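> Sequence below, structure please.
(one chain, ligands or ions: 1)
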Amino acid sequence: MPTTIHPSAFTFIPERPTLASLTRAAQDCTACDLYKKATQAVVGAGPREAAVFFIGEQPGDQEDLAGKPFVGPAGRVLDEALIEAGIPREEVYVTNAVKHFKWEPRGKKRIHAKPTLGEVKACRPWLETELALVKPRIIVCLGATAAQSLMGPKFKVTVERGKFFETPWAPWLTATIHPSAILRMPDADSRREARARLVEDLRGVAARLRG
Ligand code: URA
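Next comes the predicted model:
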């Protein structure tokens, strides 16, 4: 198979980007192969001056169609956890480490496929530009893909969740479980416990915002 040479995502980013121009420019991105099967690139949503910046993995089926992050089932888990933790969703910025939906067909369904390290790296210029525009006080990584995109492949959410780290992109970064991981849990008890832990981690974010 011939190898495709992809241009860097940097070549698609406007010289003086805004969040709106970034979303438009991302539609032309061919920095990895994922654009070929996705409906559109899904860049983040939320106020430019948001203090809290959430990063998920990649848009899901519904996000791919809507063009907005976290509007499907995982988004509902996140919304409920934010309410319980006392963090208004309209005050946070929400985005993903990877901007195109990666999926495999299963019958008529499009099933989520995990992005490779190369795809995550190829997408990082978009994430870094969003971070540079929003300049949040706290970054919250939802799951391993988001956390490893910024903190490196050795970062383990299971070990580090709930802790706060200083970073070049924000005074604080923390990581917690991805809402989709909760939805995938096999029984109601594990889901209840995992939701409670997510809320606890988000309460830690709320406390740090106040402090
Ligand atoms: N999962 C994610 O990581 N991001 C979304 O936007 C939706 C589901």
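> Tell me where the model's unsure across the protein.
The model of the chain has pLDDT under 70 over residues 1-2.
> check contacts around the residue of it found nearest the ligand.
The ligand sits closest to residue 56 of the chain, with a gap of 2.7 Å, by Cβ to the nearest ligand atom. Where C-beta positions appear, they are placed from N, C-alpha and C, glycine not excepted. Going by Cβ atoms under 8 Å, 6 or more residues apart in numbering, residue 56 touches 69, 70, 74, 94, 95, 96, 97, 142, 143, 146, 178, 179.
> Over to residue 32?
6, 100, 118, 119, 122, 123.
> Quick check: chain neighbours aside, which residue is closest to it?
residue 122 (4.1 Å; Cβ to Cβ, 6 or more residues apart in numbering).
> which among the contacts of residue 32 end up buried?
Buried subset of the contacts of residue 32 (neighbour count, 16 or more other Cβ atoms under 10 Å): 100, 119, 122, 123.
> Return the set of buried residues in stretch 165-174.
The neighbour-count criterion (16+ other Cβ under 10 Å) identifies 165, 169, 170, 172, 173, 174 as the buried residues of stretch 165-174.
> Quick one: list the elements packing against the longest helix anywhere in the chain.
The helix that spans the most residues within the chain, counting by DSSP state H, is helix 188-210. Helices and strands touching helix 188-210, by 3 or more Cβ pairs under 8 Å, 6 or more residues apart in numbering; DSSP states H and E, are helix 73-85, strand 138-142, strand 172-176, helix 179-184.
> So which residues on the chain come close to the ligand?
With the criterion set to Cβ under 6 Å from any ligand atom, the chain comes near the ligand through 56, 57, 58, 59, 60, 63, 69, 70, 72, 74, 96, 180.
> Could you pull up the contacting residues of the last one?
When the contact criterion is Cβ under 8 Å, 6+ apart, the partners of residue 180 are 57, 60, 73, 74, 77, 112, 143.
> Tell me, how many residues neighbour the residue nearest to the third one when sequence neighbours are not counted?
Going back to what we said before, that points to residue 73. Leaving aside its sequence neighbours, residue 73 sits nearest to residue 183 (Cβ to Cβ, 6+ apart; 5.8 Å). By the measure other Cβ atoms under 10 Å, the count of residues near residue 183 is 15.
> Show the residue spans covered by the strands in the protein.
Ranges of strands within the chain are 52-56, 92-96, 103-106, 109-112, 138-142, 172-176, based on DSSP state E.
> Would you convert these into TSV that also reports distance to residue 33?
Compiled in TSV, the strands of the chain are given as follows (distance: least, Cβ to Cβ, whole Å):
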stretch	distance to residue 33
strand 52-56	20
strand 92-96	17
strand 103-106	12
strand 109-112	16
strand 138-142	24
strand 172-176	27
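> mind checking which of the ones you listed is nearest residue 81?
strand 172-176 (9.1 Å; Cβ to Cβ).
> mind exporting that closest one as CSV, just the C-alpha atoms?
Output in CSV follows, covering the C-alpha atoms of strand 172-176 (Å, rounded to 0.1, in the frame of the first residue of the first chain):
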residue,chain,number,x,y,z
TRP,A,172,-3.8,23.5,36.5
LEU,A,173,-4.6,20.3,34.7
THR,A,174,-6.5,17.3,36.1
ALA,A,175,-7.8,14.1,34.7
THR,A,176,-10.8,11.9,35.4
